[in-house]
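S.K.: here are the coordinates; sequence isn't available:
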């Protein structure tokens, strides 16, 4: 198991789901109020596709943040599975990859990435992420 936490340029990060504007506004207020970034994004290390954190990425864009703390994981690892949020049925990773690569997006909260290893919070000053 090879996991790293790195600051990744926001332009490299690829979404595969739409986001909810109300959820973004609420999260934006919280992060601004805190003054630091606490919850890293989980992305696939090979494709840079978001596994967990679509709303956080959109908040970062709104705030003008250039780099986001990301856990670099892999869809090939056995500690990651993907299910449909509503039905809990297995969701094919192939569909996520096809959607993201074509620039399309699935509806909000279509997929749920279940990551069975601990991913820890951080405390990074927002000014560091904007440079």
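M.R.: Arrived safely. These numbers come from a predicted model, not from an experiment. Numbers count the residues shown, from 1 in each chain.
S.K.: and the helices in the chain?
M.R.: Along the chain, counting by DSSP state H, helices occupy 21-34, 54-63, 93-101, 126-130.
S.K.: to residue 47, which of the ones you listed lies closest?
M.R.: Set against residue 47 and scored by C-beta to C-beta, the helices of the chain come closest in helix 93-101, at 6.7 Å. Just so you know, the C-beta spots here come from the backbone N, C-alpha and C atoms, and that holds for glycine as well.
S.K.: output the helices of the chain as CSV; include the columns distance to residue 41 and mean pLDDT.
M.R.: Shown next, in CSV, are the helices of the chain (distance: least, C-beta to C-beta, whole Å; pLDDT from 0 to 100):
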stretch, distance to residue 41, mean pLDDT
helix 21-34, 12, 96
helix 54-63, 6, 97
helix 93-101, 14, 95
helix 126-130, 12, 91
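S.K.: can you find the helix or strand in this protein with the smallest mean pLDDT?
M.R.: When the helices and strands of the chain are compared on mean pLDDT, DSSP states H and E, helix 126-130 comes out lowest with a mean of 91.
S.K.: now that helix: buried residues?
M.R.: Within helix 126-130, the residues that count as buried by 16 or more other C-beta atoms under 10 Å are 126, 129.
S.K.: check stretch 116-129 too.
M.R.: Within stretch 116-129, the residues that qualify as buried are 126, 129, counting by 16+ other C-beta under 10 Å.
S.K.: any weak-confidence spans in this protein?
M.R.: Where the chain drops to pLDDT under 70, the residues are 1.
S.K.: how close does the residue nearest the centre of it get to residue 89?
M.R.: The chain has residue 53 as the residue nearest its centroid, 2.7 Å off, counting by C-alpha atoms, centre = their mean. Distance of residue 53 to residue 89, given as C-beta to C-beta, to the nearest Å: 22 Å.
S.K.: surely the residue nearest to the centre of the chain is in contact with residue 42?
M.R.: Yes: if you go by C-beta atoms under 8 Å, residue 53 and residue 42 touch, sitting 6.2 Å apart.
S.K.: which residues are in contact with both of those two?
M.R.: Common neighbours of residue 53 and residue 42, using C-beta atoms under 8 Å, 6 or more residues apart in numbering, are residue 70.
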